[in-house]
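Student: model this:
(chains A and B)
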Amino acid sequence: MKPIPQDIFAGWEVIVVDDEIDSLEVARYILTFYGATVYTGENGVEGLDLLKTVRPRFILSDISMPKMDGWQFITKIREDESLQNIPIIALTAHAMRGDREKVMSAGFHHYMIKPLSPNTFLEQIIRSLMNLPDFQHLSQYID
Amino acid sequence: MTVSPSILPKSSWSLRRIVIVAQAIGIFIILFVISTVVYRFIFNAESELWQSRQSDFALTSARIVSDTLEQSRLFMDIVNDLAYDANFPDTVANIAKRYKSVQEVIVLDGNANILASFSVDAPVLSNLFTIRQSNWFLQTRNGEKYLSNLQFSAQNAPYIILAHPYEQARGAIAIRLNMSILNDVVENIRFGETGNAYLVNTEGQILAHSDFSVVERNTNIANRPEFQKALNQAGLLFNSDYFNFLGREVIGTSLHIEGTNWIIFSEIEQDEAYVTSANANTLLLIGIPTLFIVVIGAQFIFSQRMLFSRLASLQNAALKITEGDLSVRVPVVRIDEIGVLAHTFNTMTASLQKNTEELRQARDQAIIAKEIAQENSRLKSEFLSTMSHELRTPLNAIEGFTGIMLSGMGVQLEPKARNMVERISTNSKRLVELVNAFLDISRIESGRMDLVEVAFSPTDLAEKWRRQIEGLAEQKGILFSITIDPDLPAYILGDDDALTKIGQNLLSNAIKFTEAGRIMLDMKRHGGDEWQIIVSDTGIGIPPHAQSYIFDEFRQVDGSSTRKYGGTGLGLAIVQKLVRLMNGTVRVDSELGMGSTFTVTLPLKPAEPQPINEVMQ
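Tutor: Now for the predicted structure:
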């Protein structure tokens, strides 16, 4: 991977939803460091609330959460016509066999398994987005 | 338990019907034969009885008639022997009075002069004008005896004339016999209600009959067949069935009376003669069918109770068993063939029921055991899943924060602190590896590692592995090369995730134990139906004694190498378990100080090219 400029996400709004406050903080820190404005929520309900005011470039969501989990959260989002084009990436500690297939078929764009080092975290986000029409410029950072 | 009954062809005649019909035919034949024999026996006995009785009557009648004629002749012999004197006429009259049948007597000389005459009524024979032309006089004068046909007087009284020569005067003795007396004789021959007798001469004229009017009418039966037959038969003739001249159906006997041209008939009407036979016949006509019905009915009821109802209960029981009801039992009415069959049937059903019950219990137990096993497996799986999740979550925070501190994302560390954080990071990575390896081992050993078969490209797979491993190799300054055998199919069926774990473990081991030189990944076809993944390095190598246990869990070449080279000690164990799951083998070739070569040999399943989206990791 080539060096990532610190402004790679400059001007981007990103929503991160996770009930683990430390995981949330890691993600928020890294994304903020690379220029993004990060909105965080601790469950699907808070994520939906954020979506009423924010139009993020992408969403990062945990799967197991109280009140509203990742499955319900993505279902609600997919029901809303205006939110169709927002990429949603699952970030979860569920690493059992078959979990990836379940996640992908639920409509997530990508599946990232905790734990992740910051570099791997960043690389996986870039790899998952760079094939989408609006993000093709990201491929320049990947060998 | 349901069994679809096989379709029987359209039923043939039922056993019951065959038995009943066969019995009916048999019994009918037996009864018919018996009744015929009985009837014939009775009829013959009765017929013989009447034959013998009628013969007796005929013979008796014939004797009476013969006697009458004999007496008349005796009388004429006496007259013939009398001396002709003055008393002759009186003597003749006195003797004639003693013979009841003699009504008139006349004795003539050769010139037809009356020597004596006597008559109890108006004289018929003593007419001097007719004597000379009369047959009896002309015949007798020639020395012959004469017997006339039946004749009737002016008073319509029947009579016959008997004439003998009168030797003393070369004349004739003639008597007139009152045939009413013969009638009396015939009249006396009566038997039963309708049995009677009559006298006929050879010209068919009835001389005497119990019904005198028959005689008075001068009845002639010369044309009757029974008369013709009697005429041609000397002595006794029995005629079993004919219609007589009065139109009655009779049985009869005829007999020529010796010394005369007379035949005596003795007849009785059939209705009376065969009354016993007729009664027997009636009895048989009513009795035999009744007996037939009774016997058949009894037979039917008997066979129904002894055979068919019992067969039916067997059949019903068998039907219920077919429907799955094994509690059914057949009543053992009595110990005979069917009883034994029913008993055997019951024993069989009981045994079947017991076996089925045992099978059912065994099945229930197996189901429960399976459910318990499934539940255990599910709980284990859930435990693994939860443990994985709960370990990864805190590790994520550690990895994240140490990573942030070490990768220059706006956090400055003093060298001492940086060193410590680096150590935290290293240990954290080891822990992550351990958790992953641990979960892999647990999954494989608990049998929850269900391999899938998808089509993948070996080239793409190798490229993916290269991406994952390249960074590490570069860090250590080691060359990494990939060789793909052109004979390998473009797409292979297999579990690419499991293969990736194998490849990752082997490649990371190779890097781990190689300080300088190169590592190589070869994928090649091996024979017709196998392919190989070969990972070789120019590292430290493995001593021969260690080659046997390096695939065991937590075993590296020696205890110190874990600390020196890192790693979980589970990598090769995972490789071997996965390879075995895939029905393959893994082999190590190594020379100490020269390097190691790990060869994984797997069954080759070529796949149709079907592009799948490469999964990015």
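Student: which SS class is residue 138?
Tutor: Because you didn't say which chain, this covers chain A. Reducing the assignment to helix, strand or coil with DSSP: H, G, I helix; E, B strand; the rest coil, the entry for A:L138 is helix.
Student: could you find the closest non-adjacent residue to the residue of the stretch 51-200 of chain B found nearest chain A?
Tutor: Of all residues in the stretch 51-200 of chain B, B:Q51 sits closest to chain A, at 118.5 Å by C-beta to the nearest C-beta. C-beta: built from backbone N, CA, C; applies to glycine. Closest residue in space to B:Q51, ignoring its immediate chain neighbours: B:F238 at 4.8 Å, by C-beta to C-beta, 6 or more residues apart in numbering or on different chains.
Student: so that neighbour lies in a strand, does it not?
Tutor: Yes - with three-state DSSP as the criterion, B:F238 is assigned to a strand.
Student: and the closest residue to B:T68 other than its chain neighbours, what does it touch?
Tutor: Using C-beta to C-beta, 6+ apart and skipping residues adjacent in sequence, the residue nearest B:T68 is B:S101, 5.6 Å away. B:S101 makes contacts with B:68, B:71-72, B:177-178, B:181-182, as judged by C-beta atoms under 8 Å, 6 or more residues apart in numbering or on different chains.
Student: next step: those restricted to strands.
Tutor: In this view, the contacts of B:S101 that belong to strands under DSSP state E are B:177-178.
Student: and the contacts of B:S101 as TSV, adding neighbour count?
Tutor: What follows is those, written out as TSV (neighbours: other C-beta atoms under 10 Å in any protein chain shown):
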residue	neighbour count
B:T68	19
B:Q71	16
B:S72	21
B:L177	23
B:N178	20
B:I181	18
B:L182	27
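Student: do you know how far the residue nearest to B:T68 is from B:G517?
Tutor: 177 Å (C-beta to C-beta, to the nearest Å).
Student: please apply the same query to B:K145.
Tutor: According to C-beta to C-beta, B:K145 and B:G517 sit 178 Å apart.
Student: ok, B:H526 next?
Tutor: B:H526 is 25 Å from B:G517, by C-beta to C-beta.
Student: so for the two, which sits in the more crowded spot?
Tutor: B:H526 (16 against 13; other C-beta atoms under 10 Å in any protein chain shown).
Student: for that one, what are phi and psi?
Tutor: With angles defined as degrees, to the nearest 10, B:H526 shows backbone torsions of phi -130, psi 100.
Student: who does it form a beta bridge with?
Tutor: In this structure, B:H526 bridges to B:E530 when assessed by DSSP bridges.
Student: my guess is it contacts B:I534, does it?
Tutor: No - distance between B:H526 and B:I534: 9.6 Å, which falls outside the contact criterion (C-beta atoms under 8 Å).
Student: run through the helices of chain A in chain order.
Tutor: Defined through DSSP state H, the helices belonging to chain A, from first to last, are A:21-33, A:44-51, A:70-79, A:99-106, A:118-129.
Student: can you check the stretch 451-600 of chain B too?
Tutor: Remark: helices of the stretch 451-600 of chain B, listed N- to C-terminal, are B:458-476, B:496-512, B:559-565, B:571-581; assignment by DSSP state H, counting those that start in this stretch.
Student: quickly, which of those helices bottoms out on average pLDDT?
Tutor: Among those, helix B:559-565 has the lowest mean pLDDT, at a mean of 51.
Student: quick one, phi/psi of A:F9?
Tutor: Backbone dihedrals for A:F9, given as degrees, to the nearest 10, come out at phi -110, psi 20.
Student: next, count neighbours for the closest residue to it other than its chain neighbours.
Tutor: The shortest distance from A:F9 to any non-neighbouring residue, by C-beta to C-beta, 6+ apart, is to A:A36 (3.7 Å). The number of residues packed near A:A36 is 22, by other C-beta under 10 Å.
Student: quick one: name the residues of chain A near chain B.
Tutor: Selection of chain A residues close to chain B by C-beta under 8 Å from any C-beta of the partner chain yields A:20, A:22-23, A:25-27, A:29-30, A:33, A:64, A:93-97, A:100, A:110, A:113-119, A:121, A:124, A:127-128.
Student: so how do I select the buried members of those residues in PyMOL?
Tutor: Only the buried members of these enter the following PyMOL selection, criterion being 16 or more other C-beta atoms under 10 Å in any protein chain shown:
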select buried, chain A and resi 20+23+25+26+27+29+30+33+93+94+95+96+97+100+110+113+114+115+116+117+118+119+121+124+127+128
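Student: re the thing from before, next one, pLDDT for the residue nearest to B:T68 please.
Tutor: Per-residue confidence (pLDDT) for B:S101: 79.
Student: how near is it to B:E70?
Tutor: Taking C-beta to C-beta as the measure, B:S101 falls 11 Å from B:E70.
Student: ok, now which ones touch A:H137?
Tutor: With contact set as C-beta under 8 Å, 6+ apart, A:H137 has these partners: A:M130.
Student: remind me which residues of chain A are low pLDDT?
Tutor: A:1, A:97 (pLDDT under 70).
Student: which residue comes closest to the residue of it found nearest chain B once chain neighbours are left out?
Tutor: Going by C-beta to the nearest C-beta, chain B is nearest to A:V26 of chain A, at 3.1 Å. Nearest in space to A:V26, with sequence neighbours left out and distances taken as C-beta to C-beta, 6+ apart, is B:G400 at 3.1 Å.
Student: which single residue in chain B comes nearest to chain A?
Tutor: Relative to chain A, the nearest point of chain B is B:G400 (3.1 Å; C-beta to the nearest C-beta).
Student: can you pull the contacts of that residue?
Tutor: B:G400 makes contact with A:22-23, A:25-27, A:29-30, A:115-118, A:121 under the criterion C-beta under 8 Å, 6+ apart.
Student: show me what the spatially most central residue of chain A bridges to in the sheet.
Tutor: Here the mean C-alpha position of chain A is nearest to the C-alpha of A:L60 (C-alpha atoms, centre = their mean), at a distance of 2.0 Å. Using DSSP bridges, the beta-bridge partners of A:L60 come out as A:V16, A:I89.
Student: shouldn't the residue nearest to A:F9 be in contact with A:E13?
Tutor: Yes - at 7.2 Å, A:A36 counts as touching A:E13 under the criterion of C-beta under 8 Å.
Student: where does the stretch 501-617 of chain B dip in pLDDT?
Tutor: Flagging of the stretch 501-617 of chain B using pLDDT under 70 yields the residue ranges B:553-568, B:609-617.
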